[in-house]
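Enquirer: Mind looking at a prediction? Sequence and model below.
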Amino acid sequence: MGSLLNNVFSRFNTNYGLQRVEAFMSKNMNSLGASLNSVKNSIETIRVNIRWMESNFNIVSFWLQENTNLFRNIKSDDFIDFDQIF
């Protein structure tokens with residue numbers, strides 16, 4: 001059960017997700033047993049994910065917006081010279 005919880009929870013990357021997992025842990029503390037450590041590890045992973053998002057989301061989002069614009073008007077039968085683009 002611990003690995004299932006970890007797989008689900010460790011993908012969260014918002015404060016809301018963090019609060020939900022912390023609330024889950026508080027509510028189920030006595031019944032989690034050995035899975036408690038997995039939930040605690042997930043909470044740490046969520047905190048790392050939040051910091052990553054705060055540091056990198058805008059940069060990555062901007063890059064994707066700028067670079068995907070290159071391909072918006074290209075038709076499927078157009079020749080694309082990637083050496084010219086990159």
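Expert: All right, it came through fine. Residues are numbered from 1 along each chain as shown.
Enquirer: What segments of the chain are helices?
Expert: For the chain, the helices defined by DSSP state H occupy 2-9, 15-32, 36-68, 82-85.
Enquirer: What is the burial count for Trp63?
Expert: Around Trp63 sit 10 other residues, with neighbours defined as other C-beta atoms under 10 Å. Bear in mind the C-beta positions are built from the backbone N, C-alpha and C, glycine included.
Enquirer: ok, now which ones touch Asn37?
Expert: The neighbours of Asn37, taking C-beta atoms under 8 Å, 6 or more residues apart in numbering as the test, are Gly2.
Enquirer: From Thr68, how far off is it?
Expert: Shown here: Asn37 relative to Thr68, a distance of 41 Å by C-beta to C-beta, to the nearest Å.
Enquirer: Equivalent analysis for Leu36, please.
Expert: According to C-beta to C-beta, Leu36 stands 43 Å off from Thr68.
Enquirer: do Ser42 as well
Expert: From Ser42 across to Thr68, the span is 32 Å (C-beta to C-beta).
Enquirer: same thing with Met25?
Expert: Here the distance between Met25 and Thr68 works out to 39 Å (C-beta to C-beta).
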